[in-house]
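Undergrad: sequence? don't have it. structure:
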């Protein structure tokens, strides 16, 4: 910070050093040095009032400033007066000296760090939120920005890189406690427009696809939940604004807020909706050839892991209840053997909660075998030790379950990914080409359809053709062309598909064993080919039909 906030530190002796760049003191500056050295507070105050342009950060020939003289003399009223002046500077001046006097760079950096620590220490002395707010809201000495801020000194600390001051717990507490009411970051109108654009797009998709088909997709439920959370948070903002305007208490500290304060509810809903909005990026990952299958795999694994966890919880609770009933009686018992060594009963299984915790960590090998040991206290007739054997045999079952999960994931991952990618593309195709919130503005197509609909309504005749015109108006309202229906082309296509099916079927069946009819046909074809070759060999004088050749062969066989 620019201002020193402590006056009782011995290290202030090194705040100022002689500089090679000392300006000449004016008459008023010399008078200021003399009055500060004399301790005349009233005269210094009168001089500062008469000379508002007086440089209070001036240095004498030794490089010493008036504030340094007051600190050295221990004049607390004078130090307080000088610190109240808006033009008092220290850290910024030291920062400029770092670049001007390179040989003293290390020294100036140490002094600048000490000056920054003084401001942080001054916050430690604040005992209430009002005191911290008074420090942070003081505008004197701070540069004014284009947009006024309630805590200009906090902005100045950010500008000068005072991280310790900005991250101080009391500064953060005040920063958190002052935001009662709707947020005022300047981005809220854009967020409202974006959410309303998303809502308009969802309503349009629901109207075009139908309510049942729209909500059959889980991602649409996801979008509806996100939009609803944003809408309810906007209502909480309006409610909180009305509450502040009506009842006040805008600067009420957060710890005094009502548990159902609209500001708290709005902050929680905005946090949930923001997480859902960023989680929607997983929906786009399905279009990538690498991330898509990975996401489908994770989705399948999550469902299978949830089923496994249900079985695992049932098993571990059954074991825990049995171990608890078995060991509950021995809780707190101690045994003293003949050598004087005392052995206490372990509390691992003496309670149901402890039994569940012990069995869970036993899966990772972090449970001692001594926890299973039964310790029976000494009896008048002697001691008795009850051995207990405890085995956990579901580790192998866990391995088999994980293997089944892995096999199930890799079997259907490609098909599931292609199906999910198609759903994503269809959802983008059905959406309007203009993204939210620009889809709230009327497009050229919508204006043309509205004008055409108005013209159709104005020119609607009164007569027997009114029913036909009503159907045309319905088509105008829909705005989307109906799919083309050609019965003749459909019949031709189905006939071609049927032929292709039976052709493929015959080809598939031809790969099997030959039947008796197929063998007879092949034999007849070979006989015909043999007769034709013989006729060609003998000049074709005689013509034998395949039937004659077959009859001759049958006669020869007989």
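TA: All right, it came through fine. This structure is a prediction, so every number in the text was calculated from the model and none was measured.

Undergrad: how close does residue 494 sit to residue 456?
TA: Counting by CB to CB, to the nearest Å, the gap from residue 494 to residue 456 is 38 Å. C-betas here are computed from N, CA, C, even on glycine.

Undergrad: give me the more crowded residue out of the two.
TA: Ranked by neighbour count (other CB atoms under 10 Å), residue 494 and residue 456 place residue 456 first, with 14 against 10.

Undergrad: report all helices and strands that the host helix or strand of the more buried one contacts.
TA: Assigned by DSSP states H and E, residue 456 belongs to helix 444-458. Judged by 3 or more CB pairs under 8 Å, 6 or more residues apart in numbering; DSSP states H and E, the packing partners of helix 444-458 are helix 466-478.

Undergrad: give me the mean pLDDT for the helix it packs on.
TA: Across helix 466-478, pLDDT averages out at 51.

Undergrad: which helices and strands sit right next to the very next helix or strand once past it?
TA: Sequence order places helix 487-510 as the next helix or strand after helix 466-478, per DSSP H and E. Helices and strands touching helix 487-510, as assessed by 3+ CB pairs under 8 Å, 6+ apart, are absent.

Undergrad: got the contact list for helix 487-510?
TA: Applying CB atoms under 8 Å, 6 or more residues apart in numbering, helix 487-510 has no contact partners.

Undergrad: give me the phi and psi for residue 56.
TA: Main-chain torsions, residue 56, degrees, to the nearest 10: phi -80, psi -10.

Undergrad: that one contacts residue 36, correct?
TA: No. When contacts are counted by CB atoms under 8 Å, residue 56 is not listed as touching residue 36 (10.0 Å).

Undergrad: more neighbours: these two, which one.
TA: For residue 56 versus residue 36, the count of surrounding residues by other CB under 10 Å is larger for residue 36: 26 against 19.

Undergrad: give the contact list for the closest residue to the more buried one other than its chain neighbours.
TA: Sequence neighbours aside, residue 66 is the residue nearest to residue 36 in space, at 4.4 Å (criterion: CB to CB, 6 or more residues apart in numbering). Residues near residue 66 by CB under 8 Å, 6+ apart: 32-33, 36, 56, 58, 82.

Undergrad: quick one: which of the residues you listed sit in helices?
TA: 32-33, 36, 82 (DSSP state H).

Undergrad: include distance to residue 208 when you put the residues you listed into CSV, please.
TA: Shown next, in CSV, are the ones in helices among the contacts of residue 66 (distance: CB to CB, whole Å):
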residue, distance to residue 208
32, 79
33, 82
36, 80
82, 73
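
Undergrad: show me the two of the residues you listed that sit farthest apart.
TA: 33 and 82 (12.1 Å; CB to CB).

Undergrad: between those two, who's got more neighbours?
TA: Legend: neighbour count by other CB under 10 Å for residue 33 and residue 82, higher for residue 82 (26 against 17).

Undergrad: for the more buried one, what are its contacts?
TA: Applying CB under 8 Å, 6+ apart to residue 82 gives the contacts 36, 44, 56, 66-67, 70, 88.

Undergrad: among these, which are located in helices?
TA: Among the contacts of residue 82, the members falling in helices (DSSP H) are 36, 44, 66-67, 70.

Undergrad: what sits against residue 262?
TA: Here residue 262 is in contact with 236-237, 239-240, 243 (criterion: CB under 8 Å, 6+ apart).

Undergrad: one step back: can I get the ones in helices among the contacts of residue 82 in TSV with distance to residue 510 and pLDDT?
TA: Converted to TSV, the ones in helices among the contacts of residue 82 look like this (distance: CB to CB, whole Å; pLDDT from 0 to 100):
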residue	distance to residue 510	pLDDT
36	115	83
44	116	83
66	111	78
67	107	71
70	112	75
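
Undergrad: ok, the residues you listed vs residue 288, which is closest?
TA: Nearest to residue 288 among the ones in helices among the contacts of residue 82, with distances taken as CB to CB, is residue 67, at 63.3 Å.

Undergrad: buried sites along whatever helix or strand residue 302 lives in?
TA: Using DSSP H and E, residue 302 sits in helix 291-327. If you call a residue buried by 16 or more other CB atoms under 10 Å, then helix 291-327 has these buried ones: 292-293, 295-297, 299-301, 304, 308, 312, 316, 319-320, 323-324, 327.

Undergrad: then stretch 41-52?
TA: Buried-residue list, stretch 41-52, by 16+ other CB under 10 Å: 41, 44, 47-48.

Undergrad: list the contacts of that stretch.
TA: 28, 31-32, 35-36, 54, 56, 75, 77-78, 81-82, 85.

Undergrad: the same query, at a cut-off of 7 Å, please.
TA: By CB atoms under 7 Å, 6 or more residues apart in numbering, the residues outside stretch 41-52 that reach it are 28, 31-32, 35-36, 54, 77-78, 81, 85.

Undergrad: which of those residues are buried, as a ChimeraX select command?
TA: What follows is the ChimeraX syntax for the buried subset of the contacts of stretch 41-52, where burial is set by 16+ other CB under 10 Å:
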select :31,32,35,36,54,78,81,85
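
Undergrad: show me the strands in the protein, by range?
TA: For the chain, the strands defined by DSSP state E occupy 334-336, 342-344.

Undergrad: so for residue 184, which of the ones you listed sits nearest?
TA: Closest among these, using CB to CB: strand 342-344, at 61.3 Å.

Undergrad: what pairs with the closest one, parallel or antiparallel?
TA: Strand 342-344 pairs in its sheet with strand 334-336 (antiparallel), by DSSP bridges.
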